[in-house]
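Novice: just coords:
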């Protein structure tokens, strides 16, 4: 039983002695490892920078948004908020508390966006007061929103428009969405009655 143990210990001792007399091997291995780590860091940074450039250049036509399913639509809205300099995440799904996209804009304002995709665009069913009521009950209380938004590639009912104005719910319909997605102006420049910035920003 002791023979294999002794043999292993002897081999380890021989290896250590060899390495001590060939320090350059350890130096070389360390240099290669450091170079590989530096390359990974540079590659990650280039990839991140490319993603930022791609996001800043993002332009989407309303027809492209129409062709998406509801979940992909939410991710597209997240990416448009990121394009405009926001820290944005997609939350949509079970238990999202009526917020599909939450974002913090460059001025520090928190946005809670509820997305309603309509496969038939303007021809689809109108977004009604019920959706706005859900958002009104969660956007500020649960998500800490400064700006509560209901966004659709379709239209809003005639009752939803005044209800939203009265309860400070910003409505983004097909026309506003198309202008925002295809252009270079951030969403807060296209909406009225946006709260003042929480912090100074060149983009606010």
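Specialist: In hand now; what should we look at? Since we're looking at a predicted model, the values are computed, not measured. Numbers count the residues shown, from 1 in each chain.

Novice: ok, then the element right after the helix or strand of the chain with the lowest mean pLDDT?
Specialist: In the chain, the helix or strand scored least confidently by mean pLDDT, DSSP states H and E is helix 23-56, which has a mean of 63. Where DSSP states H and E defines the elements, the next helix or strand beyond helix 23-56 is helix 62-66.

Novice: run the chain-centre distance for the helix or strand that that following helix is followed by.
Specialist: Following helix 62-66 in sequence order, the next helix or strand is helix 70-83 (DSSP H and E). Mean-position distance between helix 70-83 and its chain equals 7 Å (CA atoms, centre = their mean, to the nearest Å).

Novice: use 43 as the first number from now on
Specialist: Sure thing, new numbering starts at 43, so read that last one as helix 112-125.

Novice: and helix 112-125, what's buried?
Specialist: 115, 116, 118, 119, 120, 121, 122, 123, 124, 125 (16 or more other CB atoms under 10 Å). Placement of C-beta: from N, CA and C, glycine included.

Novice: just give the nearest non-adjacent residue to the fourth one, would you?
Specialist: Put plainly, it is residue 119. residue 143 (5.1 Å; CB to CB, 6 or more residues apart in numbering).

Novice: how about the contacts made by that neighbour?
Specialist: The contact partners of residue 143, taken as CB atoms under 8 Å, 6 or more residues apart in numbering, are 116, 119-120, 123, 130-134, 153-155, 157.

Novice: could you dump those into CSV with pLDDT added?
Specialist: Formatted as CSV, the contacts of residue 143 follow (pLDDT from 0 to 100):
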residue, pLDDT
116, 98
119, 98
120, 98
123, 98
130, 98
131, 98
132, 97
133, 96
134, 85
153, 98
154, 98
155, 98
157, 98
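
Novice: let me know the closest of those to residue 177.
Specialist: Proximity of the contacts of residue 143 to residue 177 (CB to CB) peaks at residue 154, which lies at 7.1 Å.

Novice: across the sheet, point out what pairs with that closest one.
Specialist: residue 144, residue 190 (DSSP bridges).

Novice: so it touches residue 193, yeah?
Specialist: No - contact criterion CB atoms under 8 Å: residue 154 and residue 193 do not qualify, at 10.8 Å.

Novice: before we move on, back to that, out of the contacts of residue 143, which one sits closest to residue 223?
Specialist: Out of the contacts of residue 143, the member with the shortest distance to residue 223 (by CB to CB) is residue 119, at 8.7 Å.
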